[in-house]
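Chemist: requesting a structural model of the entry that follows:
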Amino acid sequence: MTFHLTVVTPEKTIVDTEVDEMIVPTTSGEITILPHHVALFTQLAEGELVMKHNNKSDSLVVVGGFVEVGGKSVTVLADYAAHGKDISAIEAQKAKERAEKALKEKKSEVDFAIAEAEFRRALLELKVANKYKR
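Modeler: Numbers count the residues shown, from 1 in each chain. Model prediction:
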């Protein structure tokens, strides 16, 4: 038994497929969604979204947005999402280093908040990229 999963960002549709199960980070904690899940609308947290189909797992990095579960479909509207296979560990490492440098310089509170968010996103991308490459 499956359900339809769509993951959309402001730029494009990242995922549009059938899955057996998904684990999604929400502001209330991680939740597992299975077919016939109760209707739900919740805020998406930054983290790793795991999709499972035919005993295979696939991961996305997601940051901000919302998750809607209804009927036989789940829609994730994310501020940012990247597929594990599309993440370059080298680029994520460079982004992490740039963010670390910006955090040390701390020119203003706004700059610090931006650098901190970029640092967290780079760490998530490294985690998922390394997991996907295994």
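Chemist: state which strand of the protein is the longest.
Modeler: As assigned by DSSP state E, the longest strand anywhere in the chain is strand 56-70.
Chemist: so what touches whichever helix or strand comes after it?
Modeler: Of the helices and strands lying after strand 56-70 in sequence (DSSP states H and E), the nearest is strand 73-83. Defining contact as Cβ atoms under 8 Å, 6 or more residues apart in numbering, one finds that strand 73-83 is touched by 3-10, 14-15, 22, 24, 33, 37, 44, 49, 58-68, 121, 125, 128. C-beta here means a position set from N, CA and C on the backbone, and glycine is covered the same way.
Chemist: walk me through which strands the helix or strand Leu5 falls within pairs with, and which way each runs.
Modeler: Assigned by DSSP H and E, Leu5 belongs to strand 3-8. Using DSSP bridges, the strands paired with strand 3-8 are strand 13-19 (antiparallel), strand 73-83 (parallel).
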